[in-house]
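3D model of this:
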Amino acid sequence: MTDLGFEGPLYILPFDHRGSFQSGLFGWKGALTSEQTDRVAASKAIIYEGLLAAVAGGVPKAHAGILVDEQFGAAILRDARARGFLTAAPAEKSGQHEFDFEYGDDYARHIEAFSPTFCKVLVRYNPEGDAEMNRRQAGRLLHLSEYLHRTGRKFMFELLVPAEQAELEELHGDQRAYDRSRRPRHMADAIDALQNAGVEPDVWKVEGLDRREDCAAVVAAARRAGRAGVGCIILGRGEDEAKVESWLSTAAGVPGFIGFAVGRTTFWDALVGWRDGRTTREVAIAEVARRYSRWCQLFAERAADR
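Predicted coordinates for the structure are as follows:
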């Protein structure tokens, strides 16, 4: 496992959302027209230009990265790679409860075509959930993990641990209570289970945690048994700015957390304003840059205080 892991800092701006852009941002269902596809791509270009503006404004280029999909962001992936940015591209089908490959058995060809720094997967995995589904997912992920390491590519694993219905009922439907009392242990257990199945990410992208000790437990799971180089990053889950700042502050103080991947909280309001004609493209770019720069500054300051 000597080559496993990634040296941070790693400040990712993720906008690989597909279904949520089509339906959530634009309200479109079904197959898109070429004009609609271009409109989605134009919205993603705003986000990318926000990152470029943030780097021009002082965010260290060596730490800045994007996560964007091939469907709407192929040109962005190519441009970012040519400019020397960290890049990540998703391998999963969008909006699926169970992980599967966007391009089926042809996944490797798509990864090789763009050669991103990271191949990323989003996986919903509760270790106390559907055991057969967990096994199916782990089997597919093992194939991907082995391919990536065999070909010298980095693996980013976005782990979501949704509550089981029975758990929510025990907690009277209180999602916040689940996040505090159960999700942290499930996260560590899920990491253990996936590692035991042979799935070996270089970076774990995880949901925010409110307590430092929970962050430390996740790092311990990610780095157990010789995986000392493996890093963790925090995602934003579409929360408001105050919640994201709290999560980043907590995680940044824990060795092993090397950065973040905060998407919707960074760009959604700006894109809605642009979509509705309330703000110009330039204003939207500036707002994306402002929020992304804020996360970078905050994480770096808190990490320096470790």
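
please state the offset of the helix or strand of the chain with the lowest mean pLDDT from the chain centre?
The weakest-scoring helix or strand in the chain, judged by mean pLDDT, DSSP states H and E, is helix 19 (a mean of 87). How far helix 19 lies from its chain's middle: 15 Å, per Cα atoms, centre = their mean, to the nearest Å.

ranges for the helices of the stretch 101-250 of the chain?
Using DSSP state H, counting those that start in this stretch, the helices assigned to the stretch 101-250 of the chain run over residues 107-114, 131-150, 165-170, 175-181, 183-196, 212-222, 241-252.

what residues does the first one touch?
Read it as helix 107-114. 70, 74, 77-78, 81, 87, 89, 91, 101-103, 119, 144, 147-148, 151, 153 (Cβ atoms under 8 Å, 6 or more residues apart in numbering). Using the backbone N, CA and C atoms, a C-beta is placed for each residue, glycine as well.

now a PyMOL select for only the buried ones of those.
In PyMOL syntax, the buried subset of those is picked out as below (16 or more other Cβ atoms under 10 Å):
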select buried, resi 70+77+81+87+89+91+101+102+119+144+148+153
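
among the contacts of helix 107-114, which ones are in strands?
87, 89, 119 (DSSP state E).

okay if I get these as JSON lines plus distance to residue 56 and pLDDT?
Listed next are the ones in strands among the contacts of helix 107-114 as JSON lines, based on distance: Cβ to Cβ, whole Å; pLDDT from 0 to 100:
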{"residue": "87", "distance to residue 56": "18", "pLDDT": "98"}
{"residue": "89", "distance to residue 56": "24", "pLDDT": "97"}
{"residue": "119", "distance to residue 56": "28", "pLDDT": "97"}
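
tell me the spacing between the nearest residue to residue 98 once chain neighbours are set aside and residue 153.
In this structure, residue 98 finds its nearest non-sequential neighbour in residue 133, 5.5 Å apart by Cβ to Cβ, 6 or more residues apart in numbering. According to Cβ to Cβ, to the nearest Å, residue 133 stands 26 Å off from residue 153.

that older thread, now for the next helix or strand along the chain from the least confident helix or strand of the chain, which elements pack on it?
Of the helices and strands lying after helix 19 in sequence (DSSP states H and E), the nearest is helix 34-56. On a contact count with 3 or more Cβ pairs under 8 Å, 6 or more residues apart in numbering; DSSP states H and E, helix 34-56 meets strand 10-14, strand 64-67, helix 70-83, helix 264-275, helix 281-304.

give me the phi and psi for residue 254.
phi -110, psi 120 (degrees, to the nearest 10).

hmm, back to that, in CSV: the ones in strands among the contacts of helix 107-114, plus distance to residue 30.
Below are the ones in strands among the contacts of helix 107-114 laid out as CSV (distance: Cβ to Cβ, whole Å):
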residue, distance to residue 30
87, 30
89, 24
119, 28
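
any weak-confidence spans in the stretch 1-150 of the chain?
The stretch 1-150 of the chain contains residues with pLDDT under 70 at 1-2.

so for the residue lying closest to residue 237 once chain neighbours are set aside, what's the pLDDT?
Counting by Cβ to Cβ, 6+ apart, residue 207 is the residue found nearest to residue 237 once chain neighbours are left out, at 5.9 Å. Note on residue 207: pLDDT of 96.

neighbours around residue 207, how many?
20 (other Cβ atoms under 10 Å).

that one contacts residue 190, correct?
No - contact criterion Cβ atoms under 8 Å: residue 207 and residue 190 do not qualify, at 11.1 Å.

which residues are common contacts for those two?
Common neighbours of residue 207 and residue 190 (Cβ under 8 Å, 6+ apart) are 159, 161.

show the contacting residues for the residue nearest to residue 87 when sequence neighbours are not counted.
In space, and not counting its chain neighbours, residue 87 is closest to residue 116: 4.2 Å by Cβ to Cβ, 6+ apart. When contacts are counted by Cβ under 8 Å, 6+ apart, residue 116 touches 77, 81, 87, 88, 89.

and residue 271, what does it touch?
By Cβ under 8 Å, 6+ apart, the neighbours of residue 271 are 25, 43, 46, 47, 284.

shouldn't the first one be in contact with residue 43?
Yes - here residue 25 reaches residue 43: they are 6.8 Å apart, a contact under Cβ under 8 Å.

now the common contact residues for those two.
What both residue 25 and residue 43 touch, as defined by Cβ under 8 Å, 6+ apart, is the set 271, 275.
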